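# Next comes the sequence, and after it the predicted model I'd like to discuss.
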Amino acid sequence: MFSDRLARRRESLSPTFKRVAAFIDANRLTVLTSSAVDLAREIGTSDATVIRAVQALGFDGLHDLRNEISASYGKRNAPVDNLRRTLAETSESVETALDTVLDVFATGLDVLNQPAFRASVLAALNILHTADRIVLFGIGPTAHIAAYFAARLRRKGKSQAVLDRTGAGLADQLLDLKSRDALLMLAYGEPYLEAEVALAEARRRRIPVVLVSDAAETPLARRADVVLAVPRGQSERIALHGVTVLCLEMLLLGLATSDSETAVYTLSELERLRKATRAQKRSPHQRKLPDENR
């Protein structure tokens, strides 16, 4: 992978080549779609320097670099393999499995209770509270978590939308992004193309980004305005999303507290609409409705 290659060769690079390599590491999607001239303009150097820096990293040229970056998007730990590893460690004992879940959640709660994490939550709330709309990004299992959080936001009176499609379907959803939005991304593990595209589009439109992930030092995280590093369990083991949901509940209650009048009013309206749509038993003396077929 590019990150491993960069780590091995970083110390041997000149300061100029290090600057080029750092840009590539933080802007992989841009590298996939840009020429050497375009990259040189972005970095503030010459196209020849870009090519030489790429070769110093051990690539034949930009084409070779792009192939490795593209391939990295397709490399994922298969969920079935993660489950097998987890089951092997628990010896297929139900008691041990329960302990594993509780251990993960205990570790997660400790992380969420740290002063640094609380400071990040407050920074995230500042972004989300001032936005006209909160746009949730989640692909795969996290799409369901994003939809859940969007529904809870709606009931608190906050305008929201969800980006949950893959491939070309995501492009249609990204068209709806607006300058006064805030993007709340749920993106774990190795960076994948949809996450890169969504973040790049948010940056292009100057939309602030809050990233919920399991690591604060990734190329994706370095481009977010605020990172909430929430653990999901051990690497290459089955992912557990409970701590992520707890983090989102913290954000939800924080937003409701910041605008309690709107939250209370919206829930009152929800209750009014529920009563209006609730099926009522008709009294025997209730007038029969006219037959529309007559």
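In hand now; what should we look at? Residues are numbered from 1 along each chain as shown.
# Spell out the residue ranges of the helices in the stretch 1-150 of the chain.
Along the stretch 1-150 of the chain, counting by DSSP state H, counting those that start in this stretch, helices occupy 2-9, 15-26, 28-33, 36-43, 47-56, 62-74, 79-90, 94-112, 115-130, 141-155.
# Using TSV, lay out the ones you listed together with mean neighbour count and mean pLDDT.
Backbone N, C-alpha and C define where each C-beta goes, glycine included. What follows is these, written out as TSV (neighbours: other CB atoms under 10 Å; pLDDT from 0 to 100):
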stretch	mean neighbour count	mean pLDDT
helix 2-9	14	80
helix 15-26	17	88
helix 28-33	17	74
helix 36-43	16	89
helix 47-56	18	93
helix 62-74	15	77
helix 79-90	14	52
helix 94-112	14	80
helix 115-130	16	95
helix 141-155	17	92
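# Take these and lay them out in JSON lines including distance to Leu174.
Converted to JSON lines, the helices of the stretch 1-150 of the chain look like this (distance: least, CB to CB, whole Å):
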{"stretch": "helix 2-9", "distance to Leu174": "25"}
{"stretch": "helix 15-26", "distance to Leu174": "21"}
{"stretch": "helix 28-33", "distance to Leu174": "13"}
{"stretch": "helix 36-43", "distance to Leu174": "21"}
{"stretch": "helix 47-56", "distance to Leu174": "28"}
{"stretch": "helix 62-74", "distance to Leu174": "18"}
{"stretch": "helix 79-90", "distance to Leu174": "26"}
{"stretch": "helix 94-112", "distance to Leu174": "30"}
{"stretch": "helix 115-130", "distance to Leu174": "19"}
{"stretch": "helix 141-155", "distance to Leu174": "15"}
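# so which of those comes closest to Val227?
Val227 lies closest, by CB to CB, to one member of these: helix 115-130, at 6.8 Å.
# what about the closest one, distance to the chain center?
Mean-position distance between helix 115-130 and its chain equals 16 Å (CA atoms, centre = their mean, to the nearest Å).
# Contact partners for the closest residue to Val243 other than its chain neighbours?
Leaving aside its chain neighbours, Val243 sits nearest to Gly108 (3.2 Å; criterion: CB to CB, 6 or more residues apart in numbering). Neighbouring residues of Gly108 by CB atoms under 8 Å, 6 or more residues apart in numbering: Val230, Pro231, Gly242, Val243, Leu246.
# still on that earlier bit, and of the helices of the stretch 1-150 of the chain, who's closest to Ala171?
Once those are compared by CB to CB, helix 28-33 is nearest, at 13.8 Å.
# out of the contacts of Gly108, which one sits closest to Ala256?
Among the contacts of Gly108, and counting by CB to CB, the member closest to Ala256 is Leu246, at 15.7 Å.
# Please name the residues that touch that closest one.
Going by CB under 8 Å, 6+ apart, Leu246 touches Gly108, Leu109, Leu112.
# and if you look at Ala161?
Arg133, Ile134, Val135, Leu136, Ala150, Gln173, Asp176, Asp181.
# now with 10 Å?
133-137, 146, 150, 153, 173, 176-178, 181, 183 (CB atoms under 10 Å, 6 or more residues apart in numbering).
# So it belongs to a strand, correct?
Yes - the assignment for Ala161, made by DSSP: H, G, I helix; E, B strand; the rest coil, places it in a strand.
# Around Ala229, how many other residues sit close by?
By the measure other CB atoms under 10 Å, the count of residues near Ala229 is 18.
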